[in-house]
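>>> What follows is a predicted protein model with its sequence.
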Amino acid sequence: MALPREYTQQSCSVARALEVVGERWSLLIVRDAFFGVRRFSDFSAHLRIPRAVLAERLDFLVGEGVLERGTGTRPVYALTAKGLGLWPVVRTLAEWGDTHYGPRGPRRLFTHAGCGGAVDPVGSCSACGQGVPVGDTVMSPGPGFEAPGEGANAVSVALASPHRLLQPLR
């Protein structure tokens with residue numbers, strides 16, 4: 001029996017946010033959109049998510065205004081302004097996971113494209129002190145990163161190299 005999506009008895013902003021991004025796979029889809037994943041087939045291959053679940057989650061995130069779907073025979077997905085507002089959440093969760101579950105260190109490093117300084121979870125550059133927009137952040141493999149093995153999907157291979165966030169992988 002599936003649990004309900006809504007927290008009807010809660011009058012809380014966290015509960016409202018969880019109604020949108022709290023379901024299994026939703027934040028990973030959003031994370032991948034920040035990483036530059038745009039195509040349904042790439043989300044599916046990288047996340048290894050059942051296609052029906054992916055279609056439902058993408059439709060829901062589009063309906064909630066977190067993602068927008070391009071038109072065409074092979075639509076692509078992109079974060080909206082509302083979706084971009086989730087970057088500090090995704091980044092802070094990654095930092096928390098690296099701290100508590102990353103014995104070899106962070107899987108990914110985030111640097112300022114402008115000066116190369118480290119970017120903290122709230123978007124401040126350690127070198128120049130500027131606030132760094134998500135699109136000016138470069139993601140690189142960190143010490144806890146495991147290189148994709150032989151036969152890895154194209155997204156995993158692309159993410160093994162430094163990449164500017166929000167830039168389409170292909």
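Right, received. Where do you want to start?
>>> Now the residue most central in space within the chain: closest residue in space that isn't a chain neighbour?
Residue closest to the mean C-alpha point of the chain, counted by CA atoms, centre = their mean, is residue 31 at 0.8 Å. Using CB to CB, 6 or more residues apart in numbering and skipping residues adjacent in sequence, the residue nearest residue 31 is residue 90, 5.1 Å away. In this view, the C-beta of every residue, glycine as well, is placed from N, C-alpha and C.
>>> hang on, that neighbour in a strand?
No - if the criterion is DSSP: H, G, I helix; E, B strand; the rest coil, then residue 90 is helix and not within a strand.
>>> In contact with it, which residues?
When contacts are counted by CB atoms under 8 Å, 6 or more residues apart in numbering, residue 90 touches 27, 30, 31, 34.
>>> gap between it and residue 84?
According to CB to CB, to the nearest Å, residue 90 and residue 84 sit 10 Å apart.
>>> can you check residue 21 too?
13 Å.
>>> Also residue 107?
22 Å.
>>> most surrounded residue in the contacts of residue 90?
Greatest neighbour count in the contacts of residue 90, by other CB atoms under 10 Å, goes to residue 30: 23 neighbours.
>>> Tell me the secondary structure of that one, please.
Strictly by three-state DSSP, residue 30 counts as helix.
>>> domains in this protein, as residue ranges please.
13-83, 87-164 (automatic domain parsing).
>>> Same list (the ones you listed) but as CSV, adding distance to residue 170 and mean pLDDT.
Below are those laid out as CSV (distance: least, CB to CB, whole Å; pLDDT from 0 to 100):
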stretch, distance to residue 170, mean pLDDT
domain 13-83, 8, 94
domain 87-164, 7, 95
